[in-house]
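Engineer: Sequence and predicted structure, then a few things I'm wondering about:
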Amino acid sequence: MKFLVKLLQGVMASLNVIGAIWVFLIMLLITVDVVGRAFFNSPLFGVPEIVKISVVGLVWCQMAHTLRIGAHLRSTILLDRMPPAARRTIEILSCILGAAMFALIVYSGWDNMVDAWRIGEFEGEEPVRVPTAPVRTLVLIGAALTALQFLVMLVDLARGRSLHHAEAEF
């Protein structure tokens with residue numbers, strides 16, 4: 001079991017790095033487009049389509065890792081005021097619902113992803129046509145990894161561990 005969790009964490013961390021590099025590349029692409037548009041009256045073709053597709057892909061590359069390190073935005077006003085047993089119950093329910101929701105994303109998106117690969121679906125028009133199948137695949141991989149991370153967290157809770165992560169004080 002520990003090997004599988006470590007493997008899962010390694011895959012999530014690798015996708016997180018890919019997502020971070022992707023953000024940097026998109027930033028460069030947008031910068032070149034803006035400079036070309038502003039100073040040379042020559043924008044890059046297809047930048048809006050590439051960015052639109054990329055944002056979806058990079059978010060899903062980082063979703064599971066962000067959950068694992070406890071970096072998703074959350075409000076704990078009510079949770080902090082609950083007794084430990086109630087807090088634990090809410091955390092267990094959250095993990096069950098999270099795993100189910102992300103598993104449903106995989107289930108509901110599977111046929112669309114397969115169809116996108118089969119028909120060569122794309123976003124945009126000539127001269128830049130951005131294929132959507134790779135991003136649809138990333139969405140499902142990210143959702144599957146997030147569902148698995150929720151299950152790992154559920155097992156941790158069942159073993160008596162706490163899910164509380166360090167939170168910023170304002």
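Structural biologist: On my side now, so go ahead.

Engineer: where are the low-confidence patches of the chain?
Structural biologist: Residue ranges of the chain with pLDDT under 70: 164-170.

Engineer: hmm, try it at 90
Structural biologist: Across the chain, the ranges flagged by pLDDT under 90 are 1-2, 45-46, 70-80, 84, 123-129, 160-170.

Engineer: in stretch 82-96, what counts as buried?
Structural biologist: 87, 91, 94, 95 (16 or more other C-beta atoms under 10 Å). In this view, the C-beta of every residue, glycine as well, is placed from N, C-alpha and C.

Engineer: thought the first one was touching residue 79?
Structural biologist: In this case it means residue 87. Yes - look at residue 87 against residue 79 with C-beta atoms under 8 Å: they come within range, at 5.6 Å.

Engineer: max-length helix in this structure?
Structural biologist: Assignment by DSSP state H gives helix 2-40 as the longest helix of the chain.

Engineer: Now do the next helix-or-strand element following that one against helix 2-40, angle only.
Structural biologist: Using DSSP states H and E, the helix or strand that follows helix 2-40 towards the C-terminus is helix 47-68. Orientation note: helix 47-68 sits at an angle of 150 degrees relative to helix 2-40 (axes from the mean of the first three to the mean of the last three C-alpha atoms, to 10 degrees).

Engineer: list the buried ones in helix 47-68?
Structural biologist: Result for helix 47-68 [16+ other C-beta under 10 Å]: buried residues 47-50, 53-54, 56-68.

Engineer: same deal with stretch 93-112?
Structural biologist: 94, 95, 98, 99, 102, 103, 105, 106, 109.

Engineer: A helix includes the last one, no?
Structural biologist: Pointing back at residue 109 there. Yes - Residue 109 forms part of a helix when assessed by DSSP: H, G, I helix; E, B strand; the rest coil.

Engineer: now the residue nearest to it when sequence neighbours are not counted: how far from residue 95?
Structural biologist: Nearest non-adjacent residue to residue 109, counting by C-beta to C-beta, 6 or more residues apart in numbering: residue 140, 5.3 Å away. Using C-beta to C-beta, to the nearest Å, we find residue 140 at a distance of 20 Å from residue 95.
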